[in-house]
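In: no sequence for this one, just the structure:
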Ligand SMILES: Nc1ncnc2c1ncn2[C@@H]1O[C@H](COP(=O)(O)OP(=O)(O)OP(=O)(O)O)[C@@H](O)[C@H]1O
């Protein structure tokens, strides 16, 4: 029997090999055609109308792109096949396949027999034969949809679905699903044979590497519904861990490009929570043939010229992420005008008389200017105008003219006179300085300044040992600006965190700082062109006129800080994507939603997430910010319900934590079982030795990767404990594990992980990460807050095969090593 089965398998593999050979023969022909076209087009003489030349260039470009795709040797170029009953009508679509989804009446005869009318091969791109019969259908084409959607309950025309595994040009195996087991169908005079144990299980059982693979050969029906959903307004997708949300989001980007390349080319943004998840997933789109058309960016890399490279303590993160910061920054952008050495008197000579504005008058003018709504840097012309108004008034010159025309002329002369005075220009530069987002952010490192801006009475704020406000901050006394936005402890903790930056705002940024910079970018607007440029050409312009060269460097340009500032100002980044995909959407803070929202004002959206994995404590506030970012667009919701990552044995353990974190929430259903229960171990002796020993054990048990997940503040030391174990082991802080997966995971101290996250958002514990550790020792009742348990839920759902839980004393393990939090 087995031999018979094997020979059927070999025969089927041989058959698919013949087809693949034909596909490659055809691909080679296409490559030659494309090469010929390129050659021919570029040889043509440089003559003709501009239109004809542009058309020729476009032809070379198109042929080049095509050639690139063809030349790439895809693994699994061809991965699927469906054998179909005759369709209800005989219409063919543009890909050459019949369009009918339902079988023709009588396609299955009363005795259950039927004929296969059409066989379609599905692959990474469509390939037509010389006579336009499809050799391969692009996986995104409508004709390929039944490959993904057909189920035994609703098989449509599909009798057999086959997944083909190949490498390069060689077919390695086939796995079949029979979708109409009741039908005995024949093809080429032979009965349809069925080989393999089901494609999905074969794929899911494979060891994981450090990069995510595409799932193009095994997309499941509920996932396919999301991938092919029309890109109208907002598509929201929720699903538990391992349900394929990330995979689906990336395949959707490829699908949208295929559907409407003109609309989406270069205009799809995929936002991921961490750089780790970006590097884990960045191979997927190229493997789908979509390289360079989609920007996949981490939240900390969304703003040009700013890159998150450090972490905030949990309490600081909570404050920086909260919507209150938008108001704090609004005030800060204005207050920053006073941050440097600001002149408090303006003296000019007008019509041979000295005119002066004193400190009180200048304050009054500034208040008037700031009554506008424009970004602060763009208010400079308004500031200039209001100063001139005040000077004109003060000079009393207006009273001398009764004729309005004469008065207007005199006023014009007055304005011209003063505007060209060097003193006036220098005053304006100092009184309304050009502000940069980084500079304003850095001004908040001054605890007193931040406290004043945030409405905290200065005397109650702990200003700490940091930078003093500079300028005249002392003289401004303890008057606060408006109602209280931050608590004293919050203001001092945020200020302390910003002392990582120098006075220009350069230095290590956290992911939350990046969202603040983006907010400031909008509040400040681009700096206006300097006044002088209106009359004199700049040195660059002079040089360009003289030499035709574009660049001139001055000493100031060569100063690295000034150069960075310039780069920051000049970078015109893209903020108008056609489609925005947000992964792990449950974790965006309100400030991050504002940042992401700005990049998709006119976009359609796909938002995927899982509330049960949110590490943000104030879910209501984040939901409001999300609603604001997405606007009033209609929403379409999808749910993914099957867990493809975790075996049932691991999912069952994680579900216990889900029940504590989100009572009543239904977990996704694990699709496979390995028979391997999670292992529990308790630390006896040194934690470092125990972690290393368990990691070594996991390494011996699986072929692929091992993820060691520790409470956030233990990350650096844990890396040292595990040094030298090779690159199959990855050490992660609990908040970094989001979205990732490993063949085996070692979760160190569940209570520590749950407690870290709990303290993380407790402002009173904001200043000391180690407090967070202690907070984890409270056992079940103590660690029962939502955010912490949700972070633990994430940690427990990363394994594809094996899970070990290592408990310390604070986890209160029982005799079997099961920590209190995970007991039944
Ligand atoms: N249809 C499928 N065929 C094969 N593998 C799949 C399929 N769907 C999902 N997977 C695999 O399951 C794993 C989990 O997928 P993914 O990371 O996209 O899930 P997720 O919902 O984003 O999870 P989480 O919320 O935990 O981050 C991945 O290894 C993915 O390749």
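Out: The structure has been received and is ready for your questions. Please read these numbers as outputs of a predicted model, since none were measured by experiment. Numbering: from 1, shown residues only.
In: residues near whichever residue of the stretch 551-700 of the chain sits closest to the ligand, how many?
Out: Distances between the stretch 551-700 of the chain and the ligand by Cβ to the nearest ligand atom are smallest at residue 644, namely 3.6 Å. All C-beta atoms are positioned from the backbone trio N, CA, C, and that covers glycine. Other residues near residue 644 come to 22 when the count uses other Cβ atoms under 10 Å.
In: distance between the lengthiest helix in the chain and the chain's centre?
Out: If you go by DSSP state H, the chain has its longest helix at helix 2-43. Centroid separation between helix 2-43 and its chain, computed with Cα atoms, centre = their mean, to the nearest Å, is 37 Å.
In: and that helix, average pLDDT?
Out: Predicted confidence along helix 2-43 averages 80 (mean pLDDT).
In: Tell me the secondary structure at the residue positioned nearest the centre of the chain.
Out: The structure's the chain has its C-alpha centroid closest to residue 271; by Cα atoms, centre = their mean the separation is 1.6 Å. With DSSP: H, G, I helix; E, B strand; the rest coil as the basis, residue 271 sits in strand.
In: Pairing partners for it in the sheet, please.
Out: Judged by DSSP bridges, the bridge partners of residue 271 are residue 297, residue 582.
In: and the residue of the stretch 551-700 of the chain closest to the ligand, what does it touch?
Out: 200, 204, 220, 242, 243, 244, 671 (Cβ atoms under 8 Å, 6 or more residues apart in numbering).
In: how about 6 Å then?
Out: By Cβ atoms under 6 Å, 6 or more residues apart in numbering, the residues touching residue 644 are 204, 242, 244, 671.
In: From residue 799, how far off is it?
Out: 13 Å (Cβ to Cβ, to the nearest Å).
In: hang on, the earlier thing: same for the longest helix of the chain, what does it pack against?
Out: helix 50-71, strand 134-138, strand 170-178 (3 or more Cβ pairs under 6 Å, 6 or more residues apart in numbering; DSSP states H and E).
In: So for the shortest one, mean pLDDT?
Out: Strand 134-138 carries an average pLDDT of 91.
In: so what strands line up beside it?
Out: Strand 134-138 pairs in its sheet with strand 118-123 (parallel), strand 127-128 (antiparallel), by DSSP bridges.
In: Tell me the buried residues in the longest one?
Out: Within strand 118-123, the residues scored as buried using 16 or more other Cβ atoms under 10 Å are 118, 120, 121, 122, 123.
In: Now the stretch 1-150 of the chain against the ligand: closest residue?
Out: Minimum separation of the stretch 1-150 of the chain from the ligand (Cβ to the nearest ligand atom) falls at residue 148, amounting to 8.7 Å.
In: Name the nearest residue to that residue, sequence neighbours excluded.
Out: Leaving aside its sequence neighbours, residue 148 sits nearest to residue 224 (Cβ to Cβ, 6 or more residues apart in numbering; 3.8 Å).
In: Next: residue 104.
Out: Nearest residue to residue 104 in three dimensions, chain neighbours excluded: residue 86, at 4.6 Å (Cβ to Cβ, 6+ apart).
In: could you list every residue that touches that neighbour?
Out: 104, 107, 117 are the contacts of residue 86 under Cβ under 6 Å, 6+ apart.
In: what's the burial count for residue 162?
Out: 24.
In: Am I right that the residue nearest to the centre of the chain is in contact with residue 584?
Out: No: between residue 271 and residue 584 no contact is recorded; they are 8.8 Å apart, counting by Cβ atoms under 6 Å.
In: Could I get the phi/psi values of the residue of the stretch 551-700 of the chain closest to the ligand?
Out: With angles defined as degrees, to the nearest 10, residue 644 sits at phi -90, psi -10.
In: secondary structure element for the residue of the chain positioned farthest from its centre?
Out: The outermost residue of the chain relative to its centre, with distances by Cα atoms, centre = their mean, is residue 402 at 64.3 Å. Using DSSP states H and E, residue 402 falls within no helix or strand.
In: from what I can see residue 394 touches residue 355, true?
Out: Yes: under the criterion of Cβ under 6 Å, residue 394 makes contact with residue 355 at 5.4 Å.
In: When these two are compared, which one has more neighbours?
Out: For residue 394 versus residue 355, the count of surrounding residues by other Cβ under 10 Å is larger for residue 355: 20 against 16.
In: So which bits of stretch 248-267 are buried?
Out: Neighbour count says stretch 248-267 has 248-258, 264, 267 buried, by 16+ other Cβ under 10 Å.
In: how near is the closest residue to residue 151 other than its chain neighbours to residue 125?
Out: Spatial nearest neighbour of residue 151, chain neighbours left out: residue 221 (5.6 Å); criterion: Cβ to Cβ, 6+ apart. Going from residue 221 to residue 125 by Cβ to Cβ gives 23 Å.
In: For the two, indicate the residue with more neighbours.
Out: Higher neighbour count among residue 221 and residue 125: residue 125, with 20 against 13, using other Cβ under 10 Å.
In: okay, now the closest residue to that one other than its chain neighbours: neighbour count?
Out: Leaving out its chain neighbours, the residue that sits closest to residue 125 by Cβ to Cβ, 6+ apart is residue 138, at 5.3 Å. Residue 138: 18 surrounding residues under other Cβ under 10 Å.
In: if I read this right, residue 138 contacts residue 126, doesn't it?
Out: Yes: between residue 138 and residue 126 there is a contact at 4.0 Å, judged by Cβ under 6 Å.
In: wouldn't residue 165 be in contact with residue 173 here?
Out: Yes: with contacts counted by Cβ under 6 Å, residue 165 reaches residue 173, the gap being 4.4 Å.
In: and for the helix or strand harbouring residue 627, what are the contacting residues?
Out: For residue 627, the host element (DSSP H and E) is helix 619-630. Contacts to helix 619-630, defined as Cβ under 6 Å, 6+ apart, come from residues 234, 323, 590, 593, 597, 616.
In: circling back to that earlier point, how far away is the residue nearest to residue 104 from residue 105?
Out: 10 Å.
In: Same question for residue 145.
Out: 22 Å.
In: More neighbours: which of the two?
Out: Taking other Cβ under 10 Å, residue 145 and residue 105 do not tie; residue 145 has more neighbours (20 against 8).
In: residues contacting that one?
Out: With Cβ under 6 Å, 6+ apart, residue 145 has no contacts at all.
In: Check for me that it belongs to a strand.
Out: No: under three-state DSSP, residue 145 sits outside any strand and is assigned helix.
In: Return the closest of the buried residues of stretch 248-267 with respect to the ligand.
Out: Using Cβ to the nearest ligand atom, residue 248 comes nearest to the ligand of these, at 6.5 Å.
In: Go ahead and confirm the closest one touches residue 226.
Out: Yes: Residue 248 is in contact with residue 226 according to Cβ under 6 Å; the separation is 5.1 Å.
In: Got the confidence number for the closest residue to the ligand within the stretch 51-200 of the chain?
Out: Closest residue of the stretch 51-200 of the chain to the ligand, Cβ to the nearest ligand atom: residue 200 (5.8 Å). pLDDT recorded at residue 200 is 72.
In: How much space separates the closest residue to it other than its chain neighbours from residue 139?
Out: Among residues not flanking residue 200 along the chain, residue 218 sits closest, at 5.1 Å (Cβ to Cβ, 6+ apart). As defined by Cβ to Cβ, residue 218 lies at a distance of 11 Å from residue 139.
In: These two: which has the busier surroundings?
Out: Per other Cβ under 10 Å, whichever of residue 218 and residue 139 has more neighbours is residue 139, with 28 against 21.
In: Give me every residue in the chain lying close to the ligand.
Out: Contact residues, the chain versus the ligand (Cβ under 6 Å from any ligand atom): 200, 203-204, 213, 215, 218-220, 223, 239, 241-247, 610, 613, 644-645, 739, 741, 797.
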